[in-house]
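Everything below, folded, please.
(chains A and B)
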Protein chains: 2
Amino acid sequence: MLKIAIDAMGGDIGPAPIIDGLILALKKDRHFNAILVGKKEELLPLIPQKFDNRITIHDTHDVISMHDHATDALKRKESSAYVAIDLVKQGLADAYVSAGHSGASMSLATLKIGRIKGVSRPAIATLMPTVSGTTLVLDVGANVDCDAKNLLEFGIMGRIYAEDVLGVDNPLVGLLSNGEEESKGNEVTKSAFKLLEKTPNFVGNVEGNDIFNGNVDVVICDGFVGNILLKTAEGVADTIGKIIKDNLRRSLVSITGAVLMRKVFKKLKLKVDYAEYGGAPLIGVKAPVIIAHGKSNSKAIQNAIFQAISAADSNLNIHIEEKLSHIKDH
Amino acid sequence: MLKIAIDAMGGDIGPAPIIDGLILALKKDRHFNAILVGKKEELLPLIPQKFDNRITIHDTHDVISMHDHATDALKRKESSAYVAIDLVKQGLADAYVSAGHSGASMSLATLKIGRIKGVSRPAIATLMPTVSGTTLVLDVGANVDCDAKNLLEFGIMGRIYAEDVLGVDNPLVGLLSNGEEESKGNEVTKSAFKLLEKTPNFVGNVEGNDIFNGNVDVVICDGFVGNILLKTAEGVADTIGKIIKDNLRRSLVSITGAVLMRKVFKKLKLKVDYAEYGGAPLIGVKAPVIIAHGKSNSKAIQNAIFQAISAADSNLNIHIEEKLSHIKDH
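Numbering: from 1, shown residues only, chains lettered A, B, ... in the order given. You can find the predicted model right below:
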């Protein structure tokens, strides 16, 4: 029976959507139990009695808020994030899920659970939608300044994650650059290219639009570029949505059209909705760590829990250690 | 009377849309003439007789193709791009427009026309659409590896371009980063922040989505990040378009809706269509240089020519030299 430790206090809108998401997950999957970490008096009334035997509450009263510094997380030993991570560290839980301060979760996971042997730096990965599926992009924020070896490791970890956790056969890996030709790139990506071309399934440089057209399964970049492309993608999607809405308001004829289009937009939303994918895995630490969006609804939390379970059920970390051991002499 | 030198051969679809765009521009603006550089026997039949007195053809037979290396451009002295740039260098034309090999245009302009005093590196700028206007982003491809001083200069050049050429009052300048806080950024952007905060109208770090929400008028980044965000934005817009189309096909009801929505999509296209903005200016060289998309239609070429004229009519370069002279001791 898997045990998932959940930081129940971290989300922007309090523990309700987190517990609702957990209940959804518990109903669909009978092979795991949960440890909710947080303020018992707030959590207890939200849990339906019939799940009493599958949910344990670990009472703790401190919460790391979005305004706190990630660097303080290690000192906040009574915080829900710290205590939940500590349960994983001690082997009392198999995986960690949080919708709280992502920097705090990352630092705590990296420093307390620890890195897999051979991993210089864990990376945050996220799934971006394509017309027919998804692309795994990493790093999207854990490591702002990266060297070529970091990018090489991201490529190997991303490929193994796509294969072992997402179930992609023979996932193709691309290095994000400013052009497809081998000669393109900045100093760091050009060196990374030379390391990556010795690894399996590397297709070379890819461009920003390749993230969304399904040409590759895994896209590698540093956390600075990854954060910018994520926010850029959100910005474009929001702006297109607003332009459509603005124009709809201005035209009577198109209001009729809009009513009929509602179904289409609903499908579209489903496709670009982060809630479909759950959260972002921190790849490279010794246990599954899933960082969900602060604004996660119950569905997003449910899917974040399923991601944690899929990773815990896989041989991800063994494979990462094995593959990285072959490249340690680079 | 302004004279605009146009590389008539460079576009992906030959000289026809370039000449059509020029004719559109000549009809609307009577205070400039054009020098078309390219194969006379191909160009002559495309020019309506009534524009004979406003168009000069400069006959030359070589064309730098998209497959050629930018580094070879300086040796191709009979190419349309080289000859057109040379006309500007010699003072026989006031500005340069090309839909050809952008790397070739950049190298030729930088090395032959030369940089404005105080400019370490010219930058390519582009206009991105927001709900209510546009944001100028630079650099989007000229300089892959930048230092803090380069980014500082981009900020100053971008602000002056927005003010002098785009007519923005008091343009606000943001530095693209992985978070708004001053502490965010990679090593280079953190140093650039310290230089930029001494310049007027600098609002600090901005994120990818700020490019599209109209919070700032100018966004600064290096050419590697700029290229990736440009392609990412294109990729997201394309994917959303495809998802809408795919879903429309699947539903009879929404086909009716789609017919009614056609008008809305047309407006949307207008808003995100690069043809509206013409081309990308290379800012920091001694004369206006506008690099249009290889696939430019006549409207895009017309607007690229108007951009060149606006820049030539402004005091852009004098202002850039003046403002940069104040920071040269950094």
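
Let me see the contact set for residue A:278.
If you count contacts by C-beta atoms under 8 Å, 6 or more residues apart in numbering or on different chains, residue A:278 has them with A:290, A:292, A:300, A:301, A:302, A:303, A:304, A:305, A:306, A:307. Quick note: C-beta positions are derived from backbone N, CA and C, even for glycine.

which residue sits closest to it in space, ignoring its chain neighbours?
Leaving out its chain neighbours, the residue that sits closest to residue A:278 by C-beta to C-beta, 6 or more residues apart in numbering or on different chains is residue A:303, at 3.1 Å.

With residue A:140 instead?
residue A:226 (3.6 Å).

And what about the residue nearest to residue A:278, helix, strand or coil?
helix (DSSP: H, G, I helix; E, B strand; the rest coil).

thinking again about what came up before, dump the contacts of residue A:278 to TSV, plus neighbour count and pLDDT.
Shown next, in TSV, are the contacts of residue A:278 (neighbours: other C-beta atoms under 10 Å in any protein chain shown; pLDDT from 0 to 100):
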residue	neighbour count	pLDDT
A:290	27	96
A:292	33	92
A:300	24	92
A:301	29	95
A:302	24	96
A:303	22	93
A:304	30	95
A:305	28	97
A:306	19	96
A:307	23	94
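
Which pLDDT value goes with residue A:228?
Predicted confidence (pLDDT) for residue A:228: 94.

With the one 4 residues further on instead?
According to the model's per-residue confidence, residue A:232 sits at a pLDDT of 91.

That one: which element?
Taking DSSP states H and E as the definition, residue A:232 sits inside helix A:223-249.

so what does that helix touch, helix or strand wise?
Applying 3 or more C-beta pairs under 8 Å, 6 or more residues apart in numbering or on different chains; DSSP states H and E, one finds that helix A:223-249 makes contact with strand A:123-129, strand A:134-138, helix A:210-213, helix A:252-272, helix B:210-213, helix B:223-249, helix B:252-272.

Only C-alpha atoms, please: export stretch A:144-154 in CSV.
Coordinates of the C-alpha atoms in stretch A:144-154 are reproduced here as CSV (Å, rounded to 0.1, in the frame of the first residue of the first chain):
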residue,chain,number,x,y,z
VAL,A,144,18.3,29.6,-13.3
ASP,A,145,22.0,29.3,-14.3
CYS,A,146,22.9,25.9,-15.8
ASP,A,147,26.0,24.5,-17.4
ALA,A,148,26.2,22.0,-20.2
LYS,A,149,26.4,19.0,-17.9
ASN,A,150,23.2,20.1,-16.1
LEU,A,151,21.4,20.2,-19.4
LEU,A,152,22.8,16.8,-20.3
GLU,A,153,21.4,15.3,-17.1
PHE,A,154,18.0,17.0,-17.7
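
In chain A, where is pLDDT below threshold?
For chain A, the stretches flagged by pLDDT under 70 are A:247-277, A:328-330.

Could you find the closest non-adjacent residue to residue A:11?
What sits nearest to residue A:11 in space, not counting adjacent residues and going by C-beta to C-beta, 6+ apart, is residue A:99, at 3.8 Å.

residues in contact with that neighbour?
Shown in contact with residue A:99 (C-beta under 8 Å, 6+ apart): A:7, A:10-12, A:18, A:279, A:291-294, A:296, A:300-301, A:304.

and the nearest residue to residue A:71 once chain neighbours are set aside, how many neighbours?
Excluding the flanking residues, the one nearest residue A:71 by C-beta to C-beta, 6+ apart is residue A:107, at 7.1 Å. Residue A:107: 20 surrounding residues under other C-beta atoms under 10 Å in any protein chain shown.

residues touching residue A:107, list them.
A:70, A:71, A:73, A:74.

Out of those residues, who's the most crowded?
Busiest of those [other C-beta under 10 Å] is residue A:73, holding 25 neighbours.

That one belongs to a strand, doesn't it?
No. Using three-state DSSP, the assignment for residue A:73 is helix, not a strand.

Who are the contact partners of it?
Contacts of residue A:73 (C-beta under 8 Å, 6+ apart): A:64, A:79, A:81, A:82, A:101, A:103, A:104, A:107, A:108.

Please repeat the previous calculation with a cut-off of 7 Å.
A:64, A:81, A:82, A:104, A:107, A:108 (C-beta atoms under 7 Å, 6 or more residues apart in numbering or on different chains).

same thing with residue A:97?
A:4, A:6, A:279, A:290, A:292, A:304, A:305, A:308.

which parts of the stretch 1-150 of chain A sit against chain B?
Applying C-beta under 7 Å from any C-beta of the partner chain, we find that the stretch 1-150 of chain A lies next to chain B at A:130, A:131, A:141, A:144, A:145.

Quickly note the distance from residue A:209 to residue A:227.
According to C-beta to C-beta, to the nearest Å, residue A:209 and residue A:227 sit 18 Å apart.

higher neighbour count, those two?
With neighbours defined as other C-beta under 10 Å, residue A:209 and residue A:227 compare such that residue A:227 has more, 23 against 19.

Show me chain A divided up by domain.
A:1-119+A:284-316, A:121-274 (automatic domain parsing).

Give the burial count for the residue of the stretch 51-200 of chain A found nearest chain B, as a bare number.
Closest to chain B within the stretch 51-200 of chain A is residue A:178: 3.7 Å, counting by C-beta to the nearest C-beta. Using other C-beta under 10 Å, residue A:178 has 24 other residues around it.

Tell me how far the nearest residue to it once chain neighbours are set aside lies from residue B:280.
Nearest residue to residue A:178 in three dimensions, chain neighbours excluded: residue B:227, at 3.7 Å (C-beta to C-beta, 6+ apart). Going from residue B:227 to residue B:280 by C-beta to C-beta gives 11 Å.

Find residues that contact each of those two.
Between them, residue B:227 and residue B:280 share the contacting residues residue B:140, judged by C-beta under 7 Å, 6+ apart.

if we can go back for a sec, look up how far residue A:126 lies from the residue nearest to residue A:140.
Residue A:226 is 8 Å from residue A:126, by C-beta to C-beta.

ok, those two, which is more surrounded?
residue A:226 (29 against 21).

so that one makes contact with residue A:139?
Yes. Contact criterion C-beta atoms under 7 Å: residue A:226 and residue A:139 qualify, at 5.2 Å.

List just the nearest of the contacts of residue A:278 to residue B:160.
residue A:292 (43.7 Å; C-beta to C-beta).

who touches that closest one in this structure?
A:97, A:98, A:99, A:278, A:279, A:300, A:301, A:304.
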